[in-house]
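>>> next input, structure requested:
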Amino acid sequence: MSEFERGRAGHYVRQPAGYRAFLPAPLPPAPPVRLDGKLGLQLSRADRALGRLDGSVQTLPNPDLFVFMYVRKEAVFSSQIEGTQSSLQDLLAAEADVFGPDGRPRDVDEVLNYVAAMNSGLEKLGALPVSVRLIREIHERLLRGVRGGMHEPGELRRSQNWIGPGGCTLADATFVPPPPDVVPQALGELEKFLHQKDDLPLLLKIGLAHAQFETIHPFLDGNGRVGRLLVTFLLCEREVLCKPVLYLSHFFKRHRQSYYDHLQAVRDAGAWEDWLSFFLTGVTEVSGEAAETAGRILELREEHRLVITHGLGRAAGNGHKVLESLFDRPIVSVEDVREVIQTSYPAANSLVKSLEGAGILKEITGNSRNRRFRYEPYVQLFIEG
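Residues are numbered from 1 along each chain as shown. Sure thing, here's the model as predicted:
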């Protein structure tokens, strides 16, 4: 590999304090990405997998019910990469204001913020393109009132940050991003790249943009989570998917060290093709898993509709109403059920017992009062899938 190719992604510059910081080169890479046999084949597979996923989601009776849980699954995995311990069950319980014997998990608010940041960004995409402004607004929402909240949410960093094992310093860091005075220009160049007209296939463009964002590392905290949100926002902005259902955090978490190694190899050796190969593998795998989950949701819905129709007698009509509501509110109380079917509390309580007996609902508090019930088979699809 020539020195020119080695510097495709940028170069290190020694700073007055003695450490070396990385100055990223603008995208697209030069020399251009080599879309040869292997990478071209992977791109074709990823495109087909995305198409199958989009088709699978559109067959659902209400795709938004799938999105509800998928956003939450992504929030959990993306936050876990950054060190949180909260699970999907913890997140759902917190949203339903249900606390177990150990109380509210300490870091679940970070996951709740991720859900809020994701939804906020998706809502704004109609009026605001993927841009530095949108990224800053999402960052502010992500860190509002949680760990990292003292690190200037929504503000580009004004001091040097670095990446490495706990306790390391600038001198022995694994990677030192560009100095703070370089960050605004680097982000501006990234925004320009995102919206310029070119012949780059969209998935390659998104893969390049994610790696570049992580290299710029424009905030003091939350860069990994914002960078992963960026992938989803770009797919939705370009209407590759009808709904935001491609989330790579599960893949990145499974292959965390490879993820970090590939990003670092881009900086050190200009290994863009190897990174894009890894990225496209993730798109293909995660698209297939999501499409399979969508199919299992359809099967589960039909299975439970039959159970309700044949097992609940005259209460079947109300049972079907509750079943549909459980897809976007998988944890409920008897009072919640009463509001859905607009009946008396005793009638709602009787229906909940019937749904519990049918294996559709599961009581999760162990209380005699203020009980909560979870649509357990549905939640398990996202834990297992």
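>>> residue ranges with poor pLDDT in the stretch 151-300 of the chain?
151 (pLDDT under 70).
>>> what does residue 362 show for phi and psi?
Main-chain dihedrals, residue 362, degrees, to the nearest 10: phi -130, psi 130.
>>> that one: what's it in contact with?
Going by Cβ atoms under 8 Å, 6 or more residues apart in numbering, residue 362 touches 356, 373-374, 376. The C-beta positions use only the backbone N, C-alpha and C, and glycine is treated the same way.
>>> most neighbours among the residues you listed, please name it.
Ranked by the number of neighbours (other Cβ atoms under 10 Å), the contacts of residue 362 place residue 373 first, at 24 neighbours.
>>> against residue 301, how distant is that residue?
Distance, residue 373 to residue 301, by Cβ to Cβ, to the nearest Å: 18 Å.
>>> got it, and residue 33?
Separation of residue 33 from residue 301 (Cβ to Cβ) stands at 42 Å.
>>> my read: residue 85 touches residue 107, true?
Yes: checked against Cβ atoms under 8 Å, the pair residue 85 and residue 107 is within contact range at 6.2 Å.
>>> quick one on the thing from earlier: which of the contacts of residue 362 lies closest to residue 19?
Minimum distance to residue 19 across the contacts of residue 362 is 50.2 Å, recorded for residue 374 (Cβ to Cβ).
>>> contacting residues around the closest one?
Listed by Cβ under 8 Å, 6+ apart, the contact set of residue 374 reads 92, 330-331, 361-362, 364.
>>> could I get these as JSON lines with pLDDT and distance to residue 182?
As requested, the contacts of residue 374 are exported to JSON lines (pLDDT from 0 to 100; distance: Cβ to Cβ, whole Å):
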{"residue": "92", "pLDDT": "84", "distance to residue 182": "42"}
{"residue": "330", "pLDDT": "90", "distance to residue 182": "46"}
{"residue": "331", "pLDDT": "91", "distance to residue 182": "46"}
{"residue": "361", "pLDDT": "96", "distance to residue 182": "55"}
{"residue": "362", "pLDDT": "94", "distance to residue 182": "53"}
{"residue": "364", "pLDDT": "89", "distance to residue 182": "50"}
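>>> give the residue farthest from the middle of the chain.
If you look at how far each residue of the chain sits from its centre, by Cα atoms, centre = their mean, the farthest one is residue 314, at 41.7 Å.
>>> gap between that residue and residue 18?
Taking Cβ to Cβ, one finds residue 314 at 79 Å from residue 18.
>>> phi first, then psi, for the closest residue to residue 383 other than its chain neighbours.
Counting by Cβ to Cβ, 6 or more residues apart in numbering, residue 88 is the residue found nearest to residue 383 once chain neighbours are left out, at 5.9 Å. In terms of degrees, to the nearest 10, the main-chain angles of residue 88 are phi -60, psi -40.
>>> what about the strands in the stretch 1-150 of the chain?
10-14, 20-24 (DSSP state E, counting those that start in this stretch).
>>> make CSV out of those strands and add distance to residue 226.
As requested, the strands of the stretch 1-150 of the chain are exported to CSV (distance: least, Cβ to Cβ, whole Å):
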stretch, distance to residue 226
strand 10-14, 20
strand 20-24, 16
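>>> and among those, the most buried is which?
Among the strands of the stretch 1-150 of the chain, ranked by average contacts under mean count of other Cβ atoms under 10 Å, first place goes to strand 20-24 (a mean of 18).
>>> which strands or helices does that one pack on?
strand 10-14, helix 202-216 (3 or more Cβ pairs under 8 Å, 6 or more residues apart in numbering; DSSP states H and E).
>>> on that earlier part again, against residue 70, how distant is the residue nearest to residue 383?
Residue 88 sits 11 Å away from residue 70, going by Cβ to Cβ.
>>> more crowded one of those two?
Shown here are residue 88 and residue 70; by other Cβ under 10 Å, residue 70 has more neighbours (22 against 18).
>>> if you skip the residues just before and after it, what's nearest to the more buried one?
Closest residue to residue 70 in three dimensions, ignoring its sequence neighbours and counting by Cβ to Cβ, 6+ apart: residue 245, at 5.2 Å.
>>> now residue 216
Among residues not flanking residue 216 along the chain, residue 186 sits closest, at 4.8 Å (Cβ to Cβ, 6+ apart).
>>> picking up where we left off before, got the helices and strands packed on strand 20-24 as CSV, with distance to residue 254 columns?
Putting the helices and strands packed on strand 20-24 into CSV (distance: least, Cβ to Cβ, whole Å) gives the following:
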stretch, distance to residue 254
strand 10-14, 28
helix 202-216, 17
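>>> rewinding a little: among the contacts of residue 362, name the ones in strands.
Of the contacts of residue 362, the ones assigned to strands by DSSP state E are 373-374.
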